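Colleague: Predicted model follows, preceded by the sequence.
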Amino acid sequence: MRPNRLREIWAAGGAVANGWLAIPNSFSAETMAHQGWDSLTIDLQHGVVDYQTMVTMLQAISTTDTVPVVRVPWLEPGILMKTLDAGAYAVICPMVNTREDAEKLVAWTHYAPRGTRSFGPVRALLYGGADYPQHANDTIVTFAMIETAQALENLEDILSTPGLDAIYIGPSDLSLALGCTPTFDDLDPTAAQAVQHILARAKAHGLVAGIHNGSPEAAARRIAVGFQFVTISSDARLIAAGSQQVLATLRATQPRTVPGGY
């Protein structure tokens with residue numbers, strides 16, 4: 001089976017630079033994949049991507065060594081299994097709030113005897129290889145998102161769930177849950193403390209910790225304190241930021257002669 005580079009990077013003590021795909025388009029996914037990201041996450045939860053488009057985006061990512069990751073919309077067995085069948089090498093599941101949630105997530109992403117994933121890896125065989133069924137349980141990475149007050153209360157129970165590989169912090173949702181301003185990087189003190197606590201407990205349980213970031217500077221700081229999976233911005237935000245930078249530079253050197261034109 002094709003190795004999972006996420007696991008290889010983590011085993012070597014490194015951190016994964018993860019890009020985020022919210023635009024439902026295979027060409028934009030392919031373009032992002034060719035820029036050198038370690039992994040790319042297709043967002044089915046808050047992006048505007050549907051399942052069929054996700055499949056074409058996975059195919060586009062497959063033109064590179066970038067690891068294909070999918071954030072599913074919810075903790076639901078059908079979409080988790082179909083996402084893995086399509087060739088995702090990691091899944092990020094939102095709103096995992098209890099030990100029972102974490103156990104369901106692990107069960108639905110692993111074949112028996114470790115879990116209850118149904119067999120039918122139609123595209124995963126093409127991407128992973130003919131021996132995918134024999135090695136999928138040890139190759140696929142399962143992330144549980146920690147982003148609610150309830151998840152914080154049940155943190156130890158969630159983190160000690162057998163078969164869970166990693167956790168992923170949604171700083172905006174976590175901030176909202178704690179009565180703080182939703183943001184990625186400059187968190188309110190209460191949310192920042194919670195992030196530090198989650199990271200420390202995840203490491204104590206031997207799990208990889210990931211988090212969403214708004215800037216590479218914030219991602220670098222978080223790698224320095226122990227995060228091993230850092231998402232930076234998204235394709236949509238990068239397009240907007242790049243466009244703004246180009247136009248700001250142009251308008252600084254060539255003032256407009258008429259409103260809306262030059």
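Modeller: The structure has been received and is ready for your questions.
Colleague: Run through the strands of the stretch 151-262 of the chain in chain order.
Modeller: 166-169, 208-213, 229-232 (DSSP state E, counting those that start in this stretch).
Colleague: ugh, wrong one, the stretch 1-150 of the chain
Modeller: 16-21, 39-43, 67-71, 90-93, 141-146.
Colleague: what's the closest of the ones you listed to Ala241?
Modeller: strand 16-21 (13.2 Å; CB to CB). All C-beta spots, glycine's among them, are computed from the backbone N, C-alpha and C.
Colleague: possible to save the strands of the stretch 151-262 of the chain as a markdown table with mean neighbour count and mean pLDDT?
Modeller: As requested, those are exported to a markdown table (neighbours: other CB atoms under 10 Å; pLDDT from 0 to 100):
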| stretch | mean neighbour count | mean pLDDT |
| --- | --- | --- |
| strand 166-169 | 25 | 98 |
| strand 208-213 | 25 | 98 |
| strand 229-232 | 25 | 98 |
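Colleague: wait, which of the strands of the stretch 1-150 of the chain is closest to Arg114?
Modeller: Using CB to CB, these put strand 141-146 closest to Arg114, at 10.9 Å.
Colleague: so what strands line up beside that closest one?
Modeller: strand 90-93 (parallel), strand 166-169 (parallel) (DSSP bridges).
Colleague: what inclination does that strand have with respect to strand 39-43?
Modeller: Per axes from the mean of the first three to the mean of the last three CA atoms, to 10 degrees, the angle that strand 141-146 makes with strand 39-43 is 60 degrees.
Colleague: Show residues contacting strand 141-146.
Modeller: Residues from elsewhere that reach strand 141-146 (CB atoms under 8 Å, 6 or more residues apart in numbering): 4, 6-7, 69, 89-96, 101-102, 105-106, 109-110, 151-152, 155, 158, 161, 163-170, 174, 198, 210, 229.
Colleague: follow-up on the earlier one: looking at the strands paired with strand 141-146, which is nearest to Thr31?
Modeller: Proximity to Thr31 (CB to CB) singles out strand 90-93 among the strands paired with strand 141-146, at 21.0 Å.
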